[in-house]
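> Quick check, what structure comes out for this input:
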Amino acid sequence: MFSVGPEDEEVGSSALQGDQSLEEAPESQEGEPLMRNDLQKVPSSARLRKNASATFSLPRIKEEPASQKPGSESKKQSRFSECWKSPWCRYGTAASLFIACVCILVLSAHVQRQQECECLSCPNKWTRYNQTCYFVSKRAGVWKEGQQLCSADGGSLLILDDAVQQQIDELFALNEDHWIGLKKDPDSTDWRWLDGSVFHGSVKYGTDPRMSCAYINKDIGALDCSSRRLWICMKQL
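Numbers count the residues shown, from 1 in each chain. Okay, the predicted model is just below:
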């Protein structure tokens, strides 16, 4: 056995450090290790190329979504063809289409009905009875003025028949004279409504040549057209 002295330990440690420094030191172009002073002379571009080669890594490959993978469309088509072979699938599809068509028709009919209701509404301050609108004035005027104001709202002075007479009796309690759309024909003794039809009933005071315009109260009578009376308008929807 032999012993190692302190001097030998120092020699060994210095030798070991020398070997590590040789391993860490870069090599020159001839393969010899470079010293610290020589390492400073190495160009920075050479060191960058060495670092770049050490940190190089392959790019990641992005996986395609399942919907974009080849074969997904063919799988969907195969599922649809398999479903279509079943009679229940065909009946269900036909029933769904039929229900959708019915819903569309019902919705379109409802929209059309609403539009018709908006178009068939009575003017402001008019009273509706079934498909007819009525208006009773609150002020008096001559026969011509009443007809003009009724016409401005798309109507005319009242043209009576049995149905209209019944509606007037139900809607209004007439205690005063009101102009109606009945006037004596200047070329004859006939009384005609504004729609051109002849009135075959009796007109109170109708034989007086000065009385050419008709009114209604409890009965139908004749007055001078320049007299001032209330009036009744009507409009068919």
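> any chance you could map the strands in the protein?
127-129, 132-136, 156-157, 178-184, 191-193, 198-199, 213-216, 220-223, 230-236 (DSSP state E).
> Could you list the domains of this protein?
79-118, 127-236 (automatic domain parsing).
> Deepest-packed of these, please.
Here the criterion is mean neighbour count by mean count of other Cβ atoms under 10 Å, and of the domains of the chain the winner is domain 127-236, at a mean of 16. Every C-beta, even on glycine, is put in place using the N, C-alpha and C of the backbone.
> for the record, mean pLDDT for that one?
For domain 127-236, mean pLDDT is 92.
> quick one, what contacts the residue lying closest to Met234 once chain neighbours are set aside?
Once flanking residues are discounted, Met234 sits nearest to Leu158: 5.0 Å by Cβ to Cβ, 6 or more residues apart in numbering. For Leu158, the contacting residues are 134, 164, 168, 178, 180-181, 216, 231-234, by Cβ atoms under 8 Å, 6 or more residues apart in numbering.
> now swap in Glu176 and tell me
Neighbour list for Glu176: 217, 229-230 [criterion: Cβ under 8 Å, 6+ apart].
> From the residues you listed, pick the one nearest Ile104.
Of all these, Leu230 has the smallest distance to Ile104: 50.7 Å, by Cβ to Cβ.
> Tell me which residues are up against stretch 214-228.
Stretch 214-228 is contacted by residues 140-144, 158, 160, 168, 174-180, 182-184, 191, 201-206, 208, 210-213, 229, 232 when judged by Cβ under 8 Å, 6+ apart.
> how close does Asp185 get to Gly206?
12 Å (Cβ to Cβ, to the nearest Å).
> Quickly name whichever of the contacts of Glu176 is closest to Trp126.
Leu230 (15.2 Å).
> The closest one touches His178, doesn't it?
Yes - contact criterion Cβ atoms under 8 Å: Leu230 and His178 qualify, at 4.8 Å.
> which residues are in contact with both of these two?
Residues touching both Leu230 and His178 by Cβ under 8 Å, 6+ apart: 136-137.
> ok so, going back, shared neighbours of Asp185 and Gly206, which are they?
Residues touching both Asp185 and Gly206 (Cβ under 8 Å, 6+ apart): Trp191.
> is it true that Lys184 touches Gly206?
Yes - when contacts are counted by Cβ under 8 Å, Lys184 is listed as touching Gly206 (7.2 Å).
> got any residues that touch both of those two?
Common neighbours of Lys184 and Gly206 (Cβ under 8 Å, 6+ apart) are 191, 214, 222.
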